[in-house]
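> Show me how the following folds:
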Amino acid sequence: MNEHVTWVEVSEEALRTNLEGLRRLGQPSNPYRLAPVIKANAYGHGLIPVARICVDSGCEVLCINEVSEGVRLRDAGIQARLYVVGPTFAAEAKDIVAANLDVVVFSSEQVAALATAAVAAGMVARVHVKIETGTHRQGVAPDKAQELICQIDETEGVILVGVTTHLADVEDETEHTFARTQLERFQAAVADVPIQV
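Residues are numbered from 1 along each chain as shown. As a prediction, this is how the structure comes out:
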């Protein structure tokens, strides 16, 4: 029987070079945080090793998709800010707070569960409101965003640190009409939203 072995070799030097190249895109007058997405086991390249390289290269925020990834990173000693961009559920609130994860929220139930867990732990949960602008995966409707933001503002144990959306078709290099429509919906929904980071 002929067995095939498949493997991927990732160059640490190339990853560091790419991170530095992205960092140089920022301007001194418009600084930003480089927040690489390392979800799905860093797209098969190894969650923990890639996270360590990112942190060693000066990345302050790492984006992941699931709470379990955040717990694994914390267990491995990763102290960077971890932002769960995928859906989370009320039943995960204690784990989210214990691992000190930033999370996307789009419902009152999520906010209430996080607040309860955070207050019980003597902590504050950092949340990013996700606004649904046309991708139809997760998010609060644009006309309900302010209501959810007000709930967060009035709730002990949670703090609003961001607002986000997901553009559906930005991979198309030539046609951005729908992405522009989504961006307009997003900008209208977040006008005058106070953010604390």
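> shouldn't Ala40 be in contact with Cys63?
No - applying CB atoms under 8 Å, one finds Ala40 not in contact with Cys63, separated by 11.2 Å. The C-beta positions use only the backbone N, C-alpha and C, and glycine is treated the same way.
> Compare those two and say which is more crowded by neighbours.
Cys63 (18 against 14; other CB atoms under 10 Å).
> gap between stretch 21-34 and the chain center?
On the basis of CA atoms, centre = their mean, to the nearest Å, stretch 21-34 sits 18 Å off its chain's mean C-alpha point.
> Pull out the buried positions in it.
Leu34 (16 or more other CB atoms under 10 Å).
> mean confidence for it?
Stretch 21-34 shows a mean pLDDT of 77.
> can you tell me the distance between the two ends of it?
Stretch 21-34 has an end-to-end distance of 11 Å (criterion: CA to CA, to the nearest Å).
> And the contacts of it?
Leu19, Gly58, Cys59, Glu60, Val61 (CB atoms under 8 Å, 6 or more residues apart in numbering).
> In strands, which of these appear?
Under the assignment DSSP state E, the contacts of stretch 21-34 contribute Val61 to strands.
> Return the members of the contacts of stretch 21-34 classed as buried.
Applying 16+ other CB under 10 Å to the contacts of stretch 21-34 flags Leu19, Cys59 as buried.
> Which element, helix or strand, includes Leu15?
helix 12-24 (DSSP states H and E).
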